[in-house]
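*Asks:* Let's see this in three dimensions:
(2 chains)
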Amino acid sequence: MSHLRLVASCPDPAVLQAGGDPPCLSAFQLEFDYLIRTLRRLGVARDDVEDLAHEVFLVLHRTWDRYDPSRPLRPYLFGISFRVASSHHRKSQRELPYAVVDREDSAPQPDQVLQSKQARALVLGALERIALPRRAVLIMHDIDEVPMREIASSLSIHLFTAYSRLRKARREFADAVAYLCRASEP
Amino acid sequence: MNRLPIEPVSQEIKSLLAAERVLVPEASEVRTRAVQRARAALPRRMRAGLPDRSGVPRPRRGRVFVAAAAGLMLVAVGAAAFRSVHQTSVRGIPVPTTAPTADPRIPDPPLPPAPMANPSKASAAAAAPTERPSRAKRTAPAKSTTDSDAYAVELQLLQPAHQAVARHDFASALVVIAEHQRRFASGQLVEEREALRVKALLGLGRTAEAQRAGTAFRERFPRSVLLRRIEGMLEASP
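*Replies:* Sure thing, here's the model as predicted:
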């Protein structure tokens, strides 16, 4: 299933050239929803997400000649987003292991967990509790369904490091979900 | 290589992650604003619908050196050929004393101070077809590369201002903005810079200055895609 998703995320050169926009701008438009969600998953506050998306676009434009169009766009975009978000967190020193999640992402009631919106809020809240390098691997593998080799390549890390981070991130994610569900109990 | 074993996740976690996998479309105004902003940040020639050269691989430094070396070799070979032809053609003919001083290896020999004052048609005819086109060939690509290089420098210079504004470090942003203004008073990213200035001034509570910067922006870029956002920010300020 994952390979189907990856193929689907490969940008079609004809689509990218359509409309007269530069290909990097077409790619930005094509994956805008994915980009915004990825930045949110990487812990960027909603107030900052538009500015950070613009920064991602600037990097995408500058490095577009390095992108191989035969490969899926999303992992490449994720790599840029990860670096931009990391830099943003580092500079603003807002990345805390137990950072306060946005009010709209407050922990849900247990009986509402199955509802999609609340489930998404719970996922964001739990992701927020995982250190960014491990969180990136978890998002790419378990949400974006990117193969581990591609993850290692996009994040410029060793394959074994990627596996190690995934293993630990999964444990942390499960613990965080359990904690948030317990914390929201009356 | 086989996949390394990873312990499976529970069914609850799987369902949570599956729900997160579905992308919810962003509001159309957010999308429009972001795309307009991205388009405004592109170099002017790309905005004008000229061919996108961002997808063309830039020559690497190594390739530039190789090209430069090849160019030098060509010049040297040309010089040798010119010298040998010149020497054979003047053999047996009295050579003017000034002729040997004309070194063909010098790419741009200084023109006579008053070309019109020199009525020597022979020398003019010999010099004009060889020098003028070569100079034109050299200057035309140099201008286009200068434009793209300047854009890259501008972008690199202004990006810290973006980041500073994003992390609400407005004072640092203004320092970067001033530096950009000093180096690129009318560069390709002036709209972006001025928009950042308004935002930074508002962030610092310098509302009057922000209003002035906003007014100047409106007068200078009345059709900018950023104008609406700037006006929105100014209206929202106390």
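*Asks:* Secondary structure class of B:His168, three-state.
*Replies:* What DSSP: H, G, I helix; E, B strand; the rest coil gives for B:His168 is coil.
*Asks:* per-residue pLDDT, the closest residue to it other than its chain neighbours?
*Replies:* Nearest non-adjacent residue to B:His168, counting by CB to CB, 6 or more residues apart in numbering or on different chains: B:Gly203, 6.2 Å away. All C-beta atoms are positioned from the backbone trio N, CA, C, and that covers glycine. B:Gly203 carries a pLDDT value of 88.
*Asks:* go on, the one 10 residues further on?
*Replies:* Per-residue pLDDT puts B:Ala213 at 91.
*Asks:* Next: A:Asp68.
*Replies:* pLDDT, A:Asp68: 84.
*Asks:* before we move on, what about B:Asp103?
*Replies:* Here the pLDDT value assigned to B:Asp103 is 38.
*Asks:* now B:Gln36
*Replies:* At B:Gln36, the model reports a pLDDT of 88.
*Asks:* Wait, it touches B:Val225, no?
*Replies:* Yes: assessed by CB atoms under 8 Å, B:Gln36 is found in contact with B:Val225 at 4.0 Å.
*Asks:* Neighbours of B:Ala185, how many?
*Replies:* Per other CB atoms under 10 Å in any protein chain shown, the neighbour tally for B:Ala185 reads 8.
*Asks:* Ok, the one 3 residues further on next?
*Replies:* Under the neighbour criterion other CB under 10 Å, B:Gln188 is assigned a count of 19.
*Asks:* so what's it closest to, chain neighbours aside?
*Replies:* Nearest non-adjacent residue to B:Gln188, counting by CB to CB, 6+ apart: B:Tyr151, 5.3 Å away.
*Asks:* ok, the one you found - contacts?
*Replies:* Going by CB atoms under 8 Å, 6 or more residues apart in numbering or on different chains, B:Tyr151 touches B:43, B:188-189.
*Asks:* and these as a markdown table, adding secondary structure?
*Replies:* Shown next, in a markdown table, are the contacts of B:Tyr151 (three-state DSSP):
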| residue | secondary structure |
| --- | --- |
| B:Pro43 | coil |
| B:Gln188 | coil |
| B:Leu189 | coil |
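*Asks:* With pLDDT added, can I get these in TSV?
*Replies:* Output for those, formatted as TSV (pLDDT from 0 to 100):
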residue	pLDDT
B:Pro43	74
B:Gln188	80
B:Leu189	83
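*Asks:* Looking at these, which is nearest chain A?
*Replies:* Distances from chain A to the contacts of B:Tyr151, taken as CB to the nearest CB, are shortest for B:Pro43 (9.1 Å).
*Asks:* Excluding covalently adjacent residues, which one is nearest to the spatially most central residue of chain A?
*Replies:* Central residue of chain A (CA atoms, centre = their mean): A:Thr38, 3.1 Å from the mean position. Spatial nearest neighbour of A:Thr38, excluding adjacent residues (CB to CB, 6+ apart): A:Ser81 at 4.9 Å.
*Asks:* Can you check the pLDDT for that neighbour?
*Replies:* A:Ser81 carries a pLDDT score of 94 in this model.
*Asks:* So it sits against A:Leu39, correct?
*Replies:* Yes: look at A:Ser81 against A:Leu39 with CB under 8 Å: they come within range, at 5.7 Å.
*Asks:* And for A:Arg71, the neighbour number?
*Replies:* For A:Arg71, using other CB under 10 Å, the count is 16.
*Asks:* Tell me the secondary structure of it, please.
*Replies:* Using three-state DSSP, the three-state assignment for A:Arg71 comes out as coil.
*Asks:* before we move on, the earlier item: tell me the contacts of the residue nearest to B:His168?
*Replies:* Going by CB under 8 Å, 6+ apart, the list of residues near B:Gly203 reads B:165, B:168, B:170, B:173.
*Asks:* Now the first one: closest residue in space, sequence neighbours ignored.
*Replies:* It refers to B:Val165. Nearest residue to B:Val165 in three dimensions, chain neighbours excluded: B:Ala173, at 4.8 Å (CB to CB, 6+ apart).
*Asks:* The one you found is in what secondary structure piece?
*Replies:* helix B:170-183 (DSSP states H and E).
*Asks:* Show me what that helix is packed against.
*Replies:* Identification of packing neighbours for helix B:170-183 by 3 or more CB pairs under 8 Å, 6 or more residues apart in numbering or on different chains; DSSP states H and E yields helix B:121-166, helix B:190-203.
*Asks:* what comes up buried for it?
*Replies:* B:170, B:172-174, B:176-177, B:180 (16 or more other CB atoms under 10 Å in any protein chain shown).
*Asks:* of all these, which comes closest to chain A?
*Replies:* For the buried residues of helix B:170-183, the residue nearest chain A by CB to the nearest CB is B:Ser172; the value is 9.7 Å.
*Asks:* what residues are up against that closest one?
*Replies:* Contact analysis of B:Ser172 by CB under 8 Å, 6+ apart lists B:160, B:164.
*Asks:* Could you measure from it over to A:Leu166?
*Replies:* 37 Å (CB to CB, to the nearest Å).
*Asks:* Can you get me a residue count around A:Gly79?
*Replies:* Close neighbours of A:Gly79, defined as other CB under 10 Å, add up to 20.
*Asks:* contacting residues for it?
*Replies:* A:154-156.
*Asks:* In terms of helices and strands, where is it?
*Replies:* Going by DSSP H and E, A:Gly79 is in helix A:73-92.
*Asks:* now the helices: where do they sit in chain A?
*Replies:* Ranges of helices in chain A, per DSSP state H, are A:2-9, A:13-17, A:23-30, A:32-41, A:46-62, A:73-92, A:116-127, A:132-138, A:148-154, A:159-183.
*Asks:* which of those helices has the lowest average pLDDT?
*Replies:* Lowest mean pLDDT of the helices of chain A: helix A:2-9, a mean of 42.
*Asks:* Now B:Ser224. Nearest residue, chain neighbours left out?
*Replies:* Closest to B:Ser224 by CB to CB, 6+ apart is B:Glu191, at 5.3 Å.
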